[in-house]
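1. With the input below, show me the fold.
(chains A and B)
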Amino acid sequence: MDLISNLSLGFGVAFTPINLLYAFAGCLLGTLIGVLPGIGPVATIAMLLPATYALPPVSALIMLAGIYYGAQYGGSTTAILVNLPGESSSVVTCIDGYQMARKGRVGPALAAAGVGSFFAGCVGTLILAAFAPPLTELAFKFGPAEYFALMVLGLIGAVVLASGSLLKAISMIVLGLLLGLVGTDVNSGVARFSFDIPELTDGIGFVVIAMGVFGYGEIISNLATPSDDREVFTAKVTGLMPTKEDFKNMAPAMLRGTALGSMLGILPGGGALLAAFAAYALEKKIKMKPGEVPFGQGNIRGVAGPESANNAGAQTSFIPLLTLGIPPNAVMALMVGAMTIHNIQPGPQVMTSNPQLFWGLIASMWIGNAMLIILNLPLIGMWIKLLTVPYRYLFPSIVLFCAIGVYSTNNNTFDIWTVGAFGVIGYLFVKLGCEPAPLLLGFILGPMMEENLRRALLLSRGDWSVFVTRPLSAGLLAAGLLMLIIVLLPSVKHKREEAFVEE
Amino acid sequence: MNIKSQKDFFSGLMFMSVGAAFAWGATKYNVGTGARMGPGYFPLMLGVMLALLGAVITFKALVVETASGDKIGSWAWKPLVYIILANLSFGVLLGGLPSIKLPAMGMIVGIYVLTFICSFAEPGWKVKNTFILATILAIGSYIAFVVILKLQFPVWPVFFTR
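-> Model (predicted):
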């Protein structure tokens, strides 16, 4: 068996004490920084990248993988504890995770995220090892028309999961897409909507929007509600481990999330992000058991599903990077940077010319995931301690971390002004009842969508029918249409509105 | 004509104006054709789409009856102003503002000012507690961001370090 011999080669490389130590250090540092609100994996990896320069390539990549998983898990922890998504893919974890925390079920929520991530990580690693070579071909079949159709499908999925008015959710997506276009157009070099501000030619940073809209917007509306209205959820923390009932609900959600995440993660573009959103939408559509907590109010499936999908997606998003050399997201782009520093050109040749590195990295992914669960489940108590800090001490700290976080991404005070502006906009959204999550998704996909639309239409000489004549793209668009129709069906629409009224 | 849903009415107006603004801005760039999309093509398309969506939302807000009227409610001016002000003053103090000849005061001063302005946002704050919090944050940030992570921050006022 190739798979077994390959994996044993990988584990042989990764299971040396020194590499295990690097994996451990990476996980610990990653979690520690990832837990800080508003500092996502990208910022964390970027910050810690210099620490790996001196290491041999394999150890450096192993440590980086550890940092990545740690940062991601730390991000979920923050999402659950303070309702601040440290990274785009934990936006959906906030929805139910934070509600669980408010209801005193911090422990089960964190455990669901941890166990879900670990399980998905194991499966994702196996898939990566087994299917990396053949899966290259699936990605090859995707042309720009398919990517565009896929993104449309992902955005429709985001609409379905947004609470409240469908029209408003679609509008928020379009607004997000537009904001994503601010900055220099890659094809013509024209700086769009930059108002001659040099900093805006690079576009608006994702971190700036996420922190402004989610961080500041949330703090302001929190402070606006009189303090006795605000739920003090720390008093009710009981039982760290999920109950049997929780496990029963979690397990299928984890399986579904893992399957969905592994599939979506392969596709360059949204990877973990699309996976998390899609998994949440899927969980929401699956019939509830009697007595189950509704979504948006702390359903454990709403944590386990997206978290598994997100991690499976993160895992399989290494496939396009390692097989094609295309970084599917910002984190992978950083990994490319790290590999080039160590004189490794990512691409198909890595597997053949440097099998030790390739399989060592894959093995270390599994080790990273195992490390996380060993490290984080016992430390849950420590994360919960964060909650016992009164809000009056927490919110100035969050404002500070946001300000420092945005500043440190570019070392530019301009980002601090923009985050302030987006704070005001975020509060406006809260007041107008516009949910910001779809905006964020649109923002990320904006430039990618434009690029793929442009390419697709260039190839078809301006003929829009290319999206329906290519079978894969037509299938994806049909799936999106179907989703929209289902949501708009009178009976489903009624139920959907009912569900949101309870919030 | 009565506004049936205040939230929707104003969000519709917001989408309409933002969409129109983007569409108008997009026409300043080369729009091109489908086969040869210029930098203005996609934003123009999206801008028009957003404006139309906004129009529909506004229209529905005037026509479709809602139970409570979806009132926007009062604005929390105090937290809004203080949080944003804290954020802006941190930026000003951290990097300095050449236009008013304010030198960079560095991170530590910025943290104290940010913490105090933030605290004003909540009634019942105490000088002593806020001071302790600011000190903890200053020391913690110094250790985490400057010592461990080695981020490039102006830590102290420039006239100290020079």
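2. which residues touch B:Lys7?
-> A:431-433, B:61, B:70-72 (C-beta atoms under 8 Å, 6 or more residues apart in numbering or on different chains). Using the backbone N, CA and C atoms, a C-beta is placed for each residue, glycine as well.
3. Just give me the least confident of those.
-> Looking at the contacts of B:Lys7 by pLDDT, the weakest one is B:Asp70, with 73.
4. Could you confirm that residue falls within a helix?
-> No. Applying DSSP: H, G, I helix; E, B strand; the rest coil, one finds B:Asp70 to be coil, outside a helix.
5. shouldn't it be in contact with B:Gly12?
-> No. B:Asp70 is not in contact with B:Gly12 according to C-beta atoms under 8 Å; the separation is 11.8 Å.
6. which helix is the longest one in chain B?
-> Under DSSP state H, the helix in chain B containing the largest number of residues is helix B:41-63.
7. ok, so what distance separates A:Leu453 from A:Ser408?
-> From A:Leu453 across to A:Ser408, the span is 34 Å (C-beta to C-beta, to the nearest Å).
8. out of the two, which sits in the busier spot?
-> Comparing A:Leu453 with A:Ser408 by other C-beta atoms under 10 Å in any protein chain shown, the one with more neighbours is A:Leu453, at 23 against 20.
9. Spatially nearest residue to A:Ser397 (excluding sequence neighbours)?
-> B:Leu137 (6.0 Å; C-beta to C-beta, 6 or more residues apart in numbering or on different chains).
10. wait, B:Met37
-> A:Arg454 (4.6 Å).
11. The one you found sits in which helix or strand?
-> Assigned by DSSP states H and E, A:Arg454 belongs to helix A:437-459.
12. So which elements touch that helix?
-> The contact analysis (3 or more C-beta pairs under 8 Å, 6 or more residues apart in numbering or on different chains; DSSP states H and E) places helix A:437-459 against helix A:91-102, helix A:144-161, helix A:166-181, helix A:206-209, helix A:272-285, helix A:466-469, helix B:41-63.
13. Off-centre distance for the second one?
-> Taking C-alpha atoms, centre = their mean, to the nearest Å, one finds helix A:144-161 lying 16 Å from the centre of the chain it belongs to.
14. between that helix and helix A:437-459, how many degrees?
-> 160 degrees (axes from the mean of the first three to the mean of the last three C-alpha atoms, to 10 degrees).
15. Check which helices and strands the helix or strand hosting the residue nearest to A:Ser397 is in contact with.
-> If you go by DSSP H and E, B:Leu137 is part of helix B:127-141. Counting contacts by 3+ C-beta pairs under 8 Å, 6+ apart, helix B:127-141 is packed against helix A:391-410, helix B:106-120.
16. top helix in chain A by residue count?
-> Chain A, longest helix under DSSP H: helix A:106-141.
17. buried sites along that one?
-> Neighbour counts using 16 or more other C-beta atoms under 10 Å in any protein chain shown place A:106-129, A:131-132, A:135-136, A:139 of helix A:106-141 among the buried residues.
18. pLDDT value on the residue of chain B positioned farthest from its centre, please?
-> Within chain B, B:Ala35 marks the point farthest from the mean C-alpha position, 37.4 Å out by C-alpha atoms, centre = their mean. With respect to pLDDT, B:Ala35 scores 79.
19. Contact partners for the nearest residue to it once chain neighbours are set aside?
-> Leaving aside its chain neighbours, B:Ala35 sits nearest to A:Gly462 (3.2 Å; criterion: C-beta to C-beta, 6+ apart). Each residue near A:Gly462 by C-beta under 8 Å, 6+ apart is listed here: B:33-36.
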